[in-house]
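Colleague: sequence first, then the predicted structure, then my questions.
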There are 2 protein chains.
Amino acid sequence: MIKPEFLFSGFYFTSLNTKNNMIIEITLQELNTAQFIAGKVREIRAVVGEGMAINALSGGVDSSAVTMLGHQALGKQLRTLFIQNGLMREGEAEQVVALFREFDINVEVIDARKEFFNALRGVTDPEEKREAITQTFYKEVFGKIVRESGAKYLLQGTILTDVDETVAGIKRQHNVFEQLGIDPQKAFGYKIIEPLIQLRKDGVRTVGKALGLPPELFDRIPFPGPALSARVIGEVTPERIETVRKATVVVERLLENTGAFQYLAILHEDRVTGMRDGKRDFGQQIEVRCWDSKDARTAKPTNIPFEILEKLAEEIISEVPGIVSVTYNITTKPPSTIEAV
Amino acid sequence: MIKPEFLFSGFYFTSLNTKNNMIIEITLQELNTAQFIAGKVREIRAVVGEGMAINALSGGVDSSAVTMLGHQALGKQLRTLFIQNGLMREGEAEQVVALFREFDINVEVIDARKEFFNALRGVTDPEEKREAITQTFYKEVFGKIVRESGAKYLLQGTILTDVDETVAGIKRQHNVFEQLGIDPQKAFGYKIIEPLIQLRKDGVRTVGKALGLPPELFDRIPFPGPALSARVIGEVTPERIETVRKATVVVERLLENTGAFQYLAILHEDRVTGMRDGKRDFGQQIEVRCWDSKDARTAKPTNIPFEILEKLAEEIISEVPGIVSVTYNITTKPPSTIEAV
């Protein structure tokens, strides 16, 4: 039974997924992967029918699993976009496109670097940065494409943890359309399809694996929504993103075998005194964080061998222009957080 | 023989110390400590005669050795001042006063905190900070007292390395009087006495030990001239100095047994996201540096056991209000420098 307020908001669940308006969780133990995938493919087909659907792929495990499910269900009826916001890691767009090409899935890369950097110019407050990215993504870039595409169905990789983290479940869905610049009053025909909403991260990984996604994708370390802009303290500019991107290459290469939960490089805004060619040089600092954690709720800095720390500093100094100082974070979470911004 | 240009500039050497206007170095190997001390005491007495002399004591080994020599030579004819600039480490003024009281030497503590913090207000550039401190020390605080004291002799702890680091030796001496607000043209009677100028640090330590200075003083780790203001990135305020002072207490307590060349805490200006009582809190970061080095010209970060790093972070977080994140510097010098500012 579909409640009228769900239809009105464009929110779509089959009655299988909900009970008294509550989402029914499927735990990893309960998950029958083959049955889950077959069921979701049927549901998506039933909802979309002969229409057109669209989704945005970030390269994370959630949106990648949705892309696989959606294309199994809809084939060419699904347009998949990768929004190049200029804030991604080195080679990330190319890797995502190449990966899905192996499944005969075409990913359209939308170059929106100008829009994002324009929106971020002069913004230094972390919350305002996040907001600028969200607004640019929904209103200016993705929203525009959705409105112009004629697609009435939006596939999203929302998982149960995302719902937990939102104060009001229904309100969130209204917001998606408002953020896309679509008036909910007139938007009767728009529908959001969220095939992963009953799962948590472990379930999504299992489904992703069964869908054929390679281990480097479904096992990859967490990466924040605002991408590298969350790794820059102060203003986000193309130059500063390029600096932290280069440092990220070194950090990911040297720490991938630590077994750590997450590792990252942060570009500071503070300038510190350094020396170049015997002269004082007021340069920049990179902070490296590497976390041991089960669920990101609490975390401890990883006990990295000192030779690796020395190597990290040495390679960042030699490969990242403008850096004269590198630090390693030694605080627990709390009171620290995983990311700095 | 005293050259006329030395007299004119107020610069005083006995002929024993110079040869063709060059300062004759006394290496540690050549140093006959007892003979050196006796000779310097005689020289200072001969120069000052029945006059009054004055000196500023910072608590470092150079100015401490000069204070001991000066009082052996002059007794009550020497006034010794400790300028409390508000930038010193916890309990530093009290320790210095108590130490010299054991030798029956009275150290006058001059409270100049207001003058220094006024001069530092709004200043963020490191070079401008140093300049503000130098100007306040010489012109406003110490210079005023020297001019009003009637003392015509100034004892200074200059060592040979300081001279090496100054481009023009004679010019430097002119500058001292100019910085004190004393017109060299009219200042014929003013004299600077620098009993340690033929020595390097190792020689000063040996002399200091022979003069009865306790090991914690002559063996203490280097501390910069601008004191804790060199450990604050951005504006120096009483609150920010108090923050880095508290962190310094923890760092010095936990790292004093490492055998490291130097260790320090730096307060960053960048804010990072932290969590307090389950809420996001935009807090401050302390960077810890600990150096292995012979002569400070090159240095490597000390390989500190990970448990000590964890303890450092834990104690700084719990003892220093406002800190949510602690890092350990892993860069070599160069391209880093020992201090950050």
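Modeller: Everything's here; your move. Numbers count the residues shown, from 1 in each chain, chains lettered A, B, ... in the order given.
Colleague: burial of the closest residue in space to residue A:215 that isn't next to it in sequence, as a residue count?
Modeller: Using C-beta to C-beta, 6 or more residues apart in numbering or on different chains and skipping the chain neighbours, the partner closest in space to residue A:215 is residue A:209 (7.6 Å). Using the backbone N, CA and C atoms, a C-beta is placed for each residue, glycine as well. Residue A:209 sits with 17 neighbouring residues when counted by other C-beta atoms under 10 Å in any protein chain shown.
Colleague: same deal with residue A:181?
Modeller: Residue A:181 has 14 nearby residues by other C-beta under 10 Å.
Colleague: next: the one 10 residues further on.
Modeller: Here the count is done by other C-beta under 10 Å, and residue A:191 has 20 residues near it.
Colleague: same check on residue A:30?
Modeller: 11.
Colleague: what do you get for the one 4 residues further on?
Modeller: Other residues near residue A:34 number 9, with proximity taken as other C-beta under 10 Å.
Colleague: and the pLDDT for it?
Modeller: pLDDT, residue A:34: 97.
Colleague: just to be sure, it is in a helix?
Modeller: Yes - the assignment for residue A:34 is a helix, going by DSSP: H, G, I helix; E, B strand; the rest coil.
Colleague: beta partners of the residue in chain A that chain B sits nearest to?
Modeller: The nearest approach of chain A to chain B comes at residue A:327, 3.7 Å away (C-beta to the nearest C-beta). Beta-bridge partners of residue A:327, counted by DSSP bridges, are residue A:287, residue B:329.
Colleague: what about the longest helix seen in chain A and chain B, any contact?
Modeller: Taking DSSP state H as the criterion, chain A has its longest helix at helix A:238-255. No - shown here: helix A:238-255 not in contact with chain B (C-beta under 8 Å from any C-beta of the partner chain), separated by at least 11.9 Å.
Colleague: show me which residues of that helix are buried.
Modeller: Neighbour-count burial for helix A:238-255 flags A:240-252, A:254-255 (criterion: 16 or more other C-beta atoms under 10 Å in any protein chain shown).
Colleague: chain A: strands as residue ranges?
Modeller: Secondary structure of chain A (DSSP state E): strands located at A:18-19, A:22-23, A:53-56, A:78-84, A:107-111, A:153-155, A:191-193, A:262-276, A:279-292, A:300-301, A:323-329.
Colleague: pick out the shakiest of these, pLDDT-wise.
Modeller: Lowest mean pLDDT of these: strand A:18-19, a mean of 60.
Colleague: residue A:287 contacts residue A:270, correct?
Modeller: No - shown here, residue A:287 and residue A:270 do not form a contact pair, counting by C-beta atoms under 8 Å, at 10.2 Å.
Colleague: who has more neighbours out of the two?
Modeller: The neighbour comparison of residue A:287 against residue A:270 (other C-beta under 10 Å) goes to residue A:287, with 26 against 20.
Colleague: ok, residue A:224 - contacts?
Modeller: Counting by C-beta atoms under 8 Å, 6 or more residues apart in numbering or on different chains, residue A:224 touches A:230-231, A:339.
Colleague: who wins for neighbours among those?
Modeller: Busiest of the contacts of residue A:224 [other C-beta under 10 Å] is residue A:231, holding 30 neighbours.
Colleague: what's the spacing between that residue and residue A:328?
Modeller: Going from residue A:231 to residue A:328 by C-beta to C-beta, to the nearest Å gives 15 Å.
Colleague: export the contacts of residue A:224 to CSV and tack on pLDDT and distance to residue A:41?
Modeller: CSV is the format used below for the contacts of residue A:224 (pLDDT from 0 to 100; distance: C-beta to C-beta, whole Å):
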residue, pLDDT, distance to residue A:41
A:230, 93, 34
A:231, 97, 37
A:339, 92, 35
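Colleague: reformat those as TSV; add distance to chain B.
Modeller: Output for the contacts of residue A:224, formatted as TSV (distance: C-beta to the nearest C-beta, whole Å):
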residue	distance to chain B
A:230	9
A:231	11
A:339	7
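Colleague: those residues into CSV, with extra columns for distance to residue A:114?
Modeller: CSV is the format used below for the contacts of residue A:224 (distance: C-beta to C-beta, whole Å):
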residue, distance to residue A:114
A:230, 20
A:231, 21
A:339, 25
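Colleague: which of those sits closest to residue B:298?
Modeller: Among the contacts of residue A:224, residue A:231 lies closest to residue B:298 (C-beta to C-beta), at 30.4 Å.
Colleague: from memory the closest one sits against residue A:289, does it?
Modeller: No - using C-beta under 8 Å, residue A:231 is not in contact with residue A:289, being 9.5 Å away.
Colleague: need the overlap of contacts for the two.
Modeller: Common contacts of residue A:231 and residue A:289, defined by C-beta under 8 Å, 6+ apart, comprise A:264, A:266, A:340.
Colleague: filter these by proximity to chain B?
Modeller: Filtering the shared contacts of residue A:231 and residue A:289 for proximity to chain B (criterion: C-beta under 8 Å from any C-beta) leaves residue A:340.
Colleague: list the contacts of the residue at minimal distance from the centre of chain A.
Modeller: Geometric centre of chain A, nearest residue: residue A:225, 4.1 Å, by C-alpha atoms, centre = their mean. Contacts for residue A:225 (C-beta under 8 Å, 6+ apart) come out as A:130, A:133.
Colleague: now swap in residue A:275 and tell me
Modeller: A:281, A:324, B:333-337.
Colleague: any stretches of the stretch 201-341 of chain A with poor pLDDT?
Modeller: A:219 (pLDDT under 70).
Colleague: mind listing the helices for the stretch 1-150 of chain A?
Modeller: A:4-9, A:33-48, A:61-74, A:92-101, A:113-120, A:126-135, A:143-149 (DSSP state H, counting those that start in this stretch).
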